[in-house]
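In: pasting a predicted model and its sequence here:
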Amino acid sequence: MIYQKLLGDDFQKLHPKLQERYLLPLDEPFVATGMMQKIQSGAKILTPFYLLATKINFLFPESGEQIRFSIRNTCTVLPNNEYEIEWERRFYFGDIVRRFDAKMTIDTEMQIVKDYLGSPSLFYSDLHFSVSKEGHLIIRSGVQRFVLGNLEIPMPKLLEGRVLVEEAYDDERDVFTIHVSIHNPLLGRLMMYAGQFKEVI
């Protein structure tokens, strides 16, 4: 619902299955399961940051291949009548389950998605959505901030986790595909995962 409003006419350029996925009617969650062919975290020096991030269901230190994955997106209405999409992603490393949570709303004037990362949210990022000529959804990060209660502090550019996401649909395999890259200018890769998933009906 909010993504259709954000993308406007470009929403119709998405692959039909991506259009279905991102309509997200109120209180009708999209639920899917799949496999990440590869997950890569960053340098060992980041371990203290990852351990903190796991406490708020954000990033995590594990890497691996053929990692089971699930996702749930739910659209709800906030007290101010604004629509919000909850993102609940889970990665299953054997007995360890890592979460990557977020809550998104839109700013129609700025034409951005407002993305609050973690639960509770300690990080914020503008997200810019676009559609490729192939009908894939492309997401790029913009301005980022630290979140401390009601206070939001601008994040220096050198500390940003710059995000690039490409989500598509593979007609031959009848699956959604995803590639996510989070990169820092100083430390390089913070997180990368790539794989596929299928809606649970």
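Out: Yes, it's here.
In: can you pull the buried residues of stretch 114-134?
Out: 114-119, 121-127, 129, 131 (16 or more other C-beta atoms under 10 Å). For the C-beta atoms, the positions are set from N, CA and C on the backbone; glycine is no exception.
In: okay, how far is it across that stretch, tip to tip?
Out: Using C-alpha to C-alpha, to the nearest Å, one end of stretch 114-134 lies 25 Å from the other.
In: so which elements touch the longest strand along the chain?
Out: Secondary structure assigned by DSSP state E gives strand 64-77 as the longest strand of the chain. Packed against strand 64-77 by the contact rule (3 or more C-beta pairs under 8 Å, 6 or more residues apart in numbering; DSSP states H and E) you find strand 30-41, strand 83-93, strand 188-199.
In: now render those as JSON lines, adding mean neighbour count, mean pLDDT and distance to Val147.
Out: Listed next are these as JSON lines, based on neighbours: other C-beta atoms under 10 Å; pLDDT from 0 to 100; distance: least, C-beta to C-beta, whole Å:
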{"stretch": "strand 30-41", "mean neighbour count": "17", "mean pLDDT": "98", "distance to Val147": "22"}
{"stretch": "strand 83-93", "mean neighbour count": "17", "mean pLDDT": "97", "distance to Val147": "15"}
{"stretch": "strand 188-199", "mean neighbour count": "18", "mean pLDDT": "98", "distance to Val147": "18"}
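In: can you show me the CA trace of the longest strand of the chain as CSV?
Out: Only the C-alpha atoms of strand 64-77 are listed here, as CSV (Å, rounded to 0.1, in the frame of the first residue of the first chain):
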residue,chain,number,x,y,z
GLY,A,64,27.5,-19.1,6.0
GLU,A,65,26.0,-20.8,3.0
GLN,A,66,22.6,-22.4,2.5
ILE,A,67,21.1,-20.7,5.5
ARG,A,68,17.3,-21.1,6.0
PHE,A,69,15.4,-17.8,6.0
SER,A,70,11.9,-16.5,6.7
ILE,A,71,10.3,-13.1,6.3
ARG,A,72,7.1,-11.5,7.4
ASN,A,73,5.8,-8.1,6.4
THR,A,74,2.7,-6.6,8.0
CYS,A,75,0.9,-3.3,7.3
THR,A,76,-0.6,-1.6,10.4
VAL,A,77,-2.1,1.8,11.2
